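[1] Task: produce atomic coordinates for the following.
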Amino acid sequence: NALPEFTNRQINYGRHFDSKGVFTPQVIINGQEAYVGTLRKKIKKSIGRYLGRKNKSKLSFTVTKESDRIVIDYKLSKLYDGSRLYMAIVKERESVEVTSGENKGKLLNHRNVVKKMVDIKPNKMGKFILSTKWLPKTGGYALIGFYQSLDSHEIFAANQMSISLLEKSIYLDIEEDDSE
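    Take a look at the predicted model:
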């Protein structure tokens, strides 16, 4: 079952795209295009259009693991009004047996399932502290950061890393990539 804040985020995207309802599985690309997850060819084509573009900002961060938390020091190369910086811990792969609805009895495989997400009004540099007490020691989790417009939902910058790779400290940086 989805947490209320994730359901509300999906409803907000539904309003943004003037959809008649919220649907799953759902893929939203750069906050600009929405697809049912089964439309693989359209999704790949859309992703391809955005991959060759230059980001409007650059997000880099260092991550330090402390006993039951991770400390994320971030930097943004450019700030925009009306934006938020999000950090999400995701399960990289997860299978769920559906108990009701059109997919009842099926085993669905998902990628990057958000388990925890926090957001802030960003500065050029700052810090997030995320508890990892709830995080199973089994691995298979990643940290995804993205900087997004609240109005257009456009992603200005993004970055990710596998949490299982966390040592004392790791520096992350990405190539600039436009999301216009």
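[2] Give me the outermost residue of this protein relative to its centroid.
    residue 105 (28.2 Å; C-alpha atoms, centre = their mean).
[3] Check for me that that one belongs to a strand.
    No. Residue 105 is assigned coil when assessed by DSSP: H, G, I helix; E, B strand; the rest coil, not a strand.
[4] so it makes contact with residue 96?
    No. No contact is recorded between residue 105 and residue 96 when judged using C-beta atoms under 8 Å, the distance being 12.0 Å. All C-beta spots, glycine's among them, are computed from the backbone N, C-alpha and C.
[5] Name the SS class of residue 11, please.
    Residue 11 - assigned by three-state DSSP - is helix.
[6] And it, how close does it get to residue 96?
    Distance of residue 11 to residue 96, computed by C-beta to C-beta, to the nearest Å: 21 Å.
[7] what do you get for residue 49?
    30 Å.
[8] Repeat that for residue 18.
    29 Å.
[9] show me the contacts for residue 145.
    59, 61, 72, 74, 85-88, 158-160 (C-beta atoms under 8 Å, 6 or more residues apart in numbering).
[10] let's see it at 7 Å
    59, 61, 74, 85-87, 158-159 (C-beta atoms under 7 Å, 6 or more residues apart in numbering).
[11] Ignoring the adjacent residues along the chain, who's closest to residue 86?
    residue 119 (4.5 Å; C-beta to C-beta, 6 or more residues apart in numbering).
[12] same question, residue 22
    Residue 22's closest residue in space is residue 14 (C-beta to C-beta, 6+ apart), at 4.5 Å.
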